[in-house]
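K.L.:
what's the 3D shape of this:
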Amino acid sequence: MAELFSDDWMKGYMEHWNAEPELSDALEQIGFNSVIGYGFDGDEQPTGVLTVENGKAVDAGSFAGQEMNWDIRASEEQWRKWMAKPPGMMALGMAFTSRKMKFMVGDYSAMIKDPRMAGPFIKSFSVMGRV
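P.N.:
The predicted structure is shown next:
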């Protein structure tokens, strides 16, 4: 298994992202475009980056200085827990308020209040678990 958020891992995540209609198709319907960074709490920069255009992941790999719309951080242990048992809306809210999940870039509150984005965000954790 590739190291979490490594270049290889992110490329696998991109394939699974695009194969999941509840994620890519749902985001396509709202014209979602973003550069999303994933990484670990305490690191200066994210480890991996996923570029999404119109809901579909079009590029993925190691962070290389890209400007991001979202930069999500948590401990490696916490990421692995979420991948093994994807969180629901309540668990994500608790993770955010307790700082187990940090948004270095991006507005968690605005995203989670929009069901068109919240549902796919929650789905992304189960997709991570498939990589």
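K.L.:
Check which element follows the worst-scoring helix or strand of the chain on mean pLDDT along the chain.
P.N.:
Ranking every helix and strand in the chain by mean pLDDT, DSSP states H and E puts helix 108-113 at the bottom, with a mean of 82. Where DSSP states H and E defines the elements, the next helix or strand beyond helix 108-113 is helix 115-128.
K.L.:
in that next one, what's buried?
P.N.:
Of the residues in helix 115-128, Met117, Pro120, Phe121, Ile122, Lys123, Ser124, Phe125, Ser126, Val127, Met128 count as buried by neighbour count, 16 or more other CB atoms under 10 Å. C-beta: built from backbone N, CA, C; applies to glycine.
K.L.:
and those as CSV, adding distance to Ser34 and pLDDT?
P.N.:
CSV is the format used below for the buried residues of helix 115-128 (distance: CB to CB, whole Å; pLDDT from 0 to 100):
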residue, distance to Ser34, pLDDT
Met117, 10, 89
Pro120, 11, 94
Phe121, 11, 92
Ile122, 16, 91
Lys123, 15, 94
Ser124, 12, 95
Phe125, 17, 94
Ser126, 19, 93
Val127, 15, 96
Met128, 16, 96
